[in-house]
Each structure stands twice: as structure tokens, then as C-alpha cells.
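# here is a sequence together with a model predicted from it:
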Amino acid sequence: MAKYLRTSSISAELENLIRDAKKKLYIISPYLKLSDHVKELLNDKEREKVEVRIIFGKQELAPAEMSYLEELRYVRLYFSKNLHAKCYLNESKMIIASMNLYEFSQQNNREMGILIDTDIEEDKSVYEDAEKDIESIIHNSEDFSYVKAPQKSDQKEVITTSIPPDTKNNFSSSTTKTTKELSDATGVNSRKINAWLVDNKLMYKKGEDWFVTKKGKEYGGIEKSGQYGQFVVWPEEIASDIKG
């Protein structure tokens with residue numbers, strides 16, 4: 001049955017949970033401020049190609065945290081504005097606790113939690129019920145995976161609201177770019193590029209996957225499948241339209 005954890009035990013078991021993750025790691029915490037040790041553990045998961053999902057609930061994510069996380073290929077970030085739950089799981093264990101993934105909480109607060117282990121038969125149904133709720137939280141969260149960390153700039157982001165009428169449709173010899181690559185090329189963050197593509201009826205999102213519309217195909221959009229689901233790549237010429 002579930003094991004009761006005090007503050008120091010939560011920290012120790014959480015480190016073990018991250019370290020032992022072989023297939024997946026979910027971190028759910030309203031406040032997200034990673035200690036150097038947690039970053040080291042996440043670096044290990046990156047090297048091991050473990051699928052990591054981080055759901056946070058306070059939008060004041062520090063630029064340093066965002067800069068670090070956006071460099072990890074196997075990490076996907078989600079923002080849930082109503083999130084108050086704190087839960088951590090890998091493919092076999094789960095911790096539900098009062099403690100945020102926040103160094104201050106680990107060092108200064110008095111916390112309580114429980115450890116759920118699917119190797120124990122009585123714990124399996126609890127793990128499965130909580131996992132269903134986590135999938136619902138992710139489904140209803142904003143995908144933050146490709147948001148660039150804030151940077152100082154003298155130029156304001158400019159994004160047009162419509163596609164020029166004289167757009168040519170022959171992109172057969174064009175180099176294609178992902179949304180993140182378009183973000184790097186234009187200086188416009190990925191969320192705004194996605195919004196522009198949706199507003200112009202070039203693509204739409206269903207679940208976690210992106211689909212190109214008929215109009216988008218005429219504009220050169222191509223659907224691709226990757227580790228994190230389906231996405232769309234675009235001819236590099238689209239960057240000039242996005243910048244306006």
C-alpha cells in the first residue's frame with residue numbers, strides 16, 4: 001500500500017524517481033524552479049532519451065529556467081493556469097505531495113506526501129486513476145514546448161494578420177522549416193507564429209497534433225510525424241510574410 005513520506009523523504013524519493021525513470025517522467029508542480037541537482041538528473045534523462053513532461057501553473061517562469069529547458073530535446077513543457085496539484089511519476093512509481101518542485105520548499109517547508117508503487121498490487125489502481133487525470137490536465141494545458149526565453153531587443157515583434165494575395169504556390173524547391181526554426185529566423189516566438197498560421201487558416205490543432213489545411217497545403221505546408229506527434233513544416237519563404 002502507499003507509503004507515507006515526510007519532507008526529507010519526499011526529496012529523497014523524488015530524486016530516486018527521476019533517476020530510475022527509463023521510459024517516461026512527468027513533473028507536475030505549480031511553482032517551477034530547478035535546483036542544480038535536479039538539472040543534473042534531467043541532463044541524465046536527456047542523454048538516456050527519456051520522455052519528460054513538465055506541467056507548471058505559474059506563468060512567471062524565470063528566463064533562466066526557460067532557456068535551460070528549451071535546450072532539452074526530450075522535454076515538453078505545458079502551462080495549466082488552474083494547476084494546484086503536485087505530482088511526480090515515472091513508469092512505475094508516483095509521488096503525490098504538498099511539495100512544489102522548488103528549492104525553497106525542499107529546504108524550508110514542512111511537507112507531507114505519499115509514494116505509490118505499482119509493484120504493489122494495491123497501488124496499481126491508484127496510479128492508473130491519477131494517470132488519467134494527468135492526461136486530462138495535459139490535454140487542457142497550453143503547450144509551452146517551443147516558446148523562446150525572453151530576450152532583450154530594440155526591435156518590436158511584428159506579425160501580419162493576413163497572407164499577401166499574390167503569394168506564389170510553387171514551393172517544390174524550397175527548404176522547409178519547423179515552427180521553431182521559423183522562430184529563430186524571424187525573432188517572433190513560436191506561439192505567435194502558430195497563432196498566425198491558425199488565424200490564416202493554414203493549419204489547426206487536434207489533441208497534441210498539428211494538421212495542415214487545404215489552404216495550407218497550397219501554401220507549401222507539409223505534415224510530418226516525430227517523437228512528440230504530428231507537426232507541420234513550411235517553406236522558408238513564409239518567414240518574410242510572418243515578419244510583414
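Everything's here; your move.
# okay, CA-based contacts and neighbour counts for the rest of this
OK.
# export the helix or strand containing Ser67 as PDB, just CAs?
Assigned by DSSP states H and E, Ser67 belongs to helix 63-70. Output in PDB follows, covering the C-alpha atoms of helix 63-70 (Å, rounded to 0.1, in the frame of the first residue of the first chain):
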ATOM      1  CA  PRO A  63      14.100  33.200 -18.300                       C
ATOM      2  CA  ALA A  64      17.000  31.100 -16.900                       C
ATOM      3  CA  GLU A  65      14.700  28.200 -16.400                       C
ATOM      4  CA  MET A  66      13.100  28.500 -19.800                       C
ATOM      5  CA  SER A  67      16.500  28.900 -21.500                       C
ATOM      6  CA  TYR A  68      17.700  25.700 -19.800                       C
ATOM      7  CA  LEU A  69      14.600  23.700 -20.600                       C
ATOM      8  CA  GLU A  70      14.200  24.700 -24.200                       C
END
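# buried ones in the one helix or strand Glu181 maps to?
Secondary structure from DSSP H and E places Glu181 in helix 179-186. Buried residues in helix 179-186, counted by 16 or more other C-alpha atoms under 10 Å: Thr179, Lys180, Glu181, Leu182, Ser183, Thr186.
# with stretch 57-69 instead?
Buried, per 16+ other C-alpha under 10 Å, within stretch 57-69: Gly57, Lys58, Met66, Leu69.
# cool, stretch 42-62 as well?
Going by neighbour count (16+ other C-alpha under 10 Å), the buried part of stretch 42-62 is 42, 45-46, 49-58.
# biggest helix in the protein by residues?
Longest helix in the chain by number of residues (criterion: DSSP state H): helix 121-139.
# which elements pack onto the helix or strand just after that one?
Scanning forward in sequence from helix 121-139 by DSSP H and E, the next helix or strand is strand 142-143. Other helices and strands packing on strand 142-143, by 3 or more C-alpha pairs under 8 Å, 6 or more residues apart in numbering; DSSP states H and E, are strand 75-79.
# distance between the helix holding Glu181 and the chain's centre?
17 Å (C-alpha atoms, centre = their mean, to the nearest Å).
# what does that helix rub up against?
146, 189-190, 193-194, 232-234, 236, 239-240, 242-243 (C-alpha atoms under 8 Å, 6 or more residues apart in numbering).
# quickly note the distance from Glu91 to Asn16.
13 Å (C-alpha to C-alpha, to the nearest Å).
# please name the bridge partners of the residue most central in space within the chain.
Geometric centre of the chain, nearest residue: Leu77, 1.8 Å, by C-alpha atoms, centre = their mean. With DSSP bridges as the criterion, Leu77 is bridged to Ile54.
# wait, it sits on Ile55?
Yes: if you go by C-alpha atoms under 8 Å, Leu77 and Ile55 touch, sitting 6.0 Å apart.
# what about Gly207, neighbour count?
9 (other C-alpha atoms under 10 Å).
# for it, give me phi and psi.
The phi/psi pair for Gly207 (degrees, to the nearest 10) reads phi 70, psi -120.
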